[in-house]
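[1] Okay, sequence plus prediction incoming.
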Amino acid sequence: LVLSVSLLPAGIVQTTFADIVQGDFVTATLEMPDGTTAEQTLEVALELEAIGEAVIGRMAADQGLAMHDLVSGVLVTVGLGARVEGGAVTASHSSNPAANIAAVQFKMVSAEDRDIATTEVAQQWREQAGILPNVRSVSISGEALTFGNPVEAVLSHPDSAVLNDVASEALQRLRAVGGVFDVRSDHAPGVREIQLALSPEGRALGLTEASLARQAQAAFFGAEAQRVQRGGEEVRVYARLPAGERDSITDLERYLVQLPGGGKAPLGHVASLRFGMAATAIRREEGQRTVTLAGDVDLAVISANEANAILANGILAELAEANPGLTYQYGGTQAQQAESLSSLYRGFAIAMLLIYSLLAIPLRSYGKPFIVMSIIPFGLIGVILGHWVLGVPVGASTVMGVLGLSGVLVNDSLVMVDFISQRLREGASPRQAVIDGAKGRFRPIALTSVTTFLGFTPLIFEPSIQAQFFLPFAASLGIGILVATVILMLLVPAIAMFQLQFLRFRKHYPAA
């Protein structure tokens, strides 16, 4: 049991909260700096698409296949509406608030028709793309379902400037951790803007900041003129200056502002203009500004728990010591894992208590239920070995399998203990009763275990995506029952004999 459990911290058997399931899509999400036009984002997205096509083409050639044997479609989206599909390119307007975001998606053929995993395609695509210039972040995934980021921490500090500096330093140090990739944060330097400040001359003429802002917005962004009903949708019509009169700072300075007392004055005479940076988004939690760091992990190199431990106990602990007031907490799958496991532990403890009660009453013994339940922790040996043989990480579904396995093992153990008690009531010696119990119940216990395993074999060897969701559960209950049954046939008789010898010394039974 100790050797089996040690395979988990040793990394021989990987652990993950969210079960990794191969999907039919490989998707790259691209984020450019704020203010990037849709055309510029589209250009980088097409470059990323070309890299992905080269990677998949090379992998197909290695197997003697053409690219269309692995890929059934490609889709590129930019902003909220731009896409490249079938060679037709339509780009969003630069006013699109999400014009700096793009996605490239390869639709793979079904898992039954290919031998290449989508996660493998994603890994090679990621390595080939490397670090693209002028790109804030690129995230590539081939999983069918995700439950958040494997590595995620939410930072908070009363001083926003200190928070941004700490987040940037933590980001760089996290990128240096082996096996951690797609490291990113939701902190952005913002977009460059022209900030207007009303001058004393403007105030003397009766202008206010609100009046100046409304006129500048109407001229350069647009003011709603009317709404037109088109089919089932309502279309808003905006009026603004022609493009040639709003494409330079000089146009803004020369724009004539309507004065309250009548007449007009150039905006540059009633207000001062200066460049500044505007945050695209401000995130708060409990009144404090926050920055979220996130990343993904290569389970062949490092687990999510190990990466989060390095981030929290190493990187962030040192930064918190150097910057008093800095606080941080887990997010993503770690937060979900802590919440889910705490409820599972409570439920498991309650289930064990109920099982003990249900066994103690009919057996009329406080000790025999412990013999029956002693096999439960040793079922982990079969669970871990099953995951190791199949190459499946231990995840949330594994816990469900352990719960189911515990019920089956309790049933098998109860059959043997009850038969031993029956032989004792018939007058057999403790030694003979234990031997008869092990031999007499071997066939029903073995048949139960083998039939349970055979019932799960279709699920264990099914390659479809739908079946992959249940593979950790099937490995826990199917393979785990085979290994645990062998242990049960040796362990339960030994513990039963130990109890009977203990009771013999207390003169509950005659000497054997």
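    Nice, I can see it.

[2] mind listing the helices in the stretch 351-500 of the chain by residue range?
    With helices called from DSSP state H, counting those that start in this stretch, the stretch 351-500 of the chain shows them at 368-373, 379-390, 396-425, 430-440, 442-460, 465-468, 471-474, 480-505.

[3] Which one of the ones you listed lies nearest to residue 58?
    Shortest distance between residue 58 and those, using CB to CB, is found for helix 465-468: 24.3 Å. Using the backbone N, CA and C atoms, a C-beta is placed for each residue, glycine as well.

[4] Please tell me how far residue 274 sits from residue 252.
    12 Å (CB to CB, to the nearest Å).

[5] what touches both of those two?
    Common neighbours of residue 274 and residue 252 are listed as residue 194 (criterion: CB atoms under 8 Å, 6 or more residues apart in numbering).

[6] Which one's more surrounded, those two?
    residue 252 (20 against 9; other CB atoms under 10 Å).

[7] quick one: contacts for the more buried one?
    Listed by CB under 8 Å, 6+ apart, the contact partners of residue 252 are 194, 216, 220, 246, 267, 268, 273.

[8] Quick one: neighbours of residue 308, just the number.
    Residues within reach of residue 308, counting by other CB under 10 Å, total 23.

[9] now do the one 3 residues further on
    When neighbours are counted by other CB under 10 Å, residue 311 registers 24.

[10] Same check on residue 176?
    For residue 176, the count of nearby residues is 9 (other CB under 10 Å).

[11] Next, give phi and psi for it.
    Phi and psi for residue 176, reported as degrees, to the nearest 10, are phi -80, psi -10.

[12] Give me the pLDDT value at residue 463.
    Residue 463 carries a pLDDT value of 69.

[13] Residue 125: which of the helices of the stretch 351-500 of the chain is closest?
    For residue 125, the closest of the helices of the stretch 351-500 of the chain is helix 465-468, at 19.5 Å, according to CB to CB.

[14] which residue packs closest to residue 442, ignoring adjacent ones?
    Leaving out its chain neighbours, the residue that sits closest to residue 442 by CB to CB, 6 or more residues apart in numbering is residue 489, at 6.5 Å.

[15] State the mean pLDDT of stretch 425-442.
    Averaging pLDDT along stretch 425-442 yields 89.

[16] Same question for stretch 289-299.
    Mean per-residue pLDDT for stretch 289-299: 81.

[17] Low-confidence stretches in the stretch 1-150 of the chain?
    17-22, 80-97, 144-148 (pLDDT under 70).

[18] which stretches of it form strands?
    Taking DSSP state E, counting those that start in this stretch, the strands of the stretch 1-150 of the chain run over residues 22-31, 71-78, 82-85, 88-90, 101-108, 137-143.

[19] Export those strands as CSV, with columns for distance to residue 474 and mean neighbour count.
    Formatted as CSV, the strands of the stretch 1-150 of the chain follow (distance: least, CB to CB, whole Å; neighbours: other CB atoms under 10 Å):
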stretch, distance to residue 474, mean neighbour count
strand 22-31, 16, 20
strand 71-78, 29, 19
strand 82-85, 38, 18
strand 88-90, 44, 10
strand 101-108, 24, 22
strand 137-143, 19, 20
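
[20] Next, format those strands as TSV and append distance to residue 292.
    Below are the strands of the stretch 1-150 of the chain laid out as TSV (distance: least, CB to CB, whole Å):
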stretch	distance to residue 292
strand 22-31	14
strand 71-78	24
strand 82-85	27
strand 88-90	32
strand 101-108	17
strand 137-143	12
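
[21] and of the ones you listed, who's closest to residue 346?
    strand 137-143 (29.3 Å).

[22] angle of that closest one against strand 22-31?
    Calculated by axes from the mean of the first three to the mean of the last three CA atoms, to 10 degrees, strand 137-143 forms an angle of 170 degrees with strand 22-31.

[23] What pairs with strand 137-143, parallel or antiparallel?
    If you go by DSSP bridges, strand 137-143 pairs up with strand 22-31 (antiparallel).

[24] Alpha carbons of the strand it pairs with, as CSV, please.
    This file holds the C-alpha atoms of strand 22-31, laid out as CSV (Å, rounded to 0.1, in the frame of the first residue of the first chain):
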residue,chain,number,x,y,z
GLN,A,22,-9.1,14.0,-25.7
GLY,A,23,-11.4,16.2,-27.9
ASP,A,24,-12.1,16.5,-31.6
PHE,A,25,-10.9,20.1,-31.7
VAL,A,26,-7.5,21.7,-31.3
THR,A,27,-8.0,25.4,-30.5
ALA,A,28,-5.5,28.3,-30.2
THR,A,29,-6.8,31.4,-28.5
LEU,A,30,-4.8,34.6,-29.3
GLU,A,31,-4.8,37.9,-27.5
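
[25] which residues are in contact with that strand?
    41, 44-45, 48, 52, 100-111, 117-119, 121-122, 125, 129, 135-145, 184, 465, 468.

[26] now it: how far from the chain's centre is it?
    14 Å (CA atoms, centre = their mean, to the nearest Å).

[27] what do you get for stretch 373-390?
    Relative to the chain's own centre, stretch 373-390 is displaced by 26 Å; criterion: CA atoms, centre = their mean.

[28] and what of stretch 222-240?
    For stretch 222-240, the distance to the chain centre is 41 Å (CA atoms, centre = their mean).

[29] got the buried residues for it?
    residue 222 (16 or more other CB atoms under 10 Å).

[30] Tell me how far residue 439 lies from residue 273.
    Taking CB to CB, one finds residue 439 at 95 Å from residue 273.

[31] next one: residue 406
    Distance, residue 406 to residue 273, using CB to CB: 72 Å.

[32] If you count surrounding residues, which of those two has more?
    residue 406 (22 against 13).

[33] With adjacent residues omitted, what lies nearest to that one?
    Residue 406 sits nearest to residue 376 (CB to CB, 6+ apart), 4.8 Å away.

[34] Need phi/psi at that neighbour.
    For residue 376, the backbone dihedrals are phi -60, psi -50 (criterion: degrees, to the nearest 10).

[35] Can you give me the distance of it to residue 439?
    Applying CB to CB to residue 376 and residue 439 gives a distance of 23 Å.

[36] Over to residue 423?
    11 Å.

[37] Compare the two (neighbour count), which wins?
    The residue with more neighbours, out of residue 423 and residue 439, is residue 423; 18 against 12, by other CB under 10 Å.

[38] any idea how far residue 413 is from that one?
    16 Å.

[39] contacting residues around the closest residue to residue 156 other than its chain neighbours?
    Here the nearest residue to residue 156 in space, its sequence neighbours aside, is residue 288; by CB to CB, 6+ apart that works out to 4.3 Å. Counting by CB under 8 Å, 6+ apart, residue 288 touches 156, 157, 158, 327.

[40] dump the residue contacts of residue 416.
    Applying CB under 8 Å, 6+ apart, one finds that residue 416 lies in contact with 437, 438, 441, 445, 488, 492, 493, 496.

[41] can we see that at 10 Å?
    Taking CB atoms under 10 Å, 6 or more residues apart in numbering, we find residue 416 in contact with 371-372, 375, 434, 437-438, 440-442, 444-445, 488-489, 492-493, 496.

[42] ChimeraX command for the buried members of these?
    Per 16+ other CB under 10 Å, the buried members of the contacts of residue 416 correspond to this ChimeraX selection:
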select :371,372,375,434,437,438,441,445,488,489,492,493,496
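
[43] Out of the contacts of residue 416, which comes closest to residue 178?
    Checking those one by one against residue 178 (CB to CB), the nearest turns out to be residue 375, at 39.6 Å.
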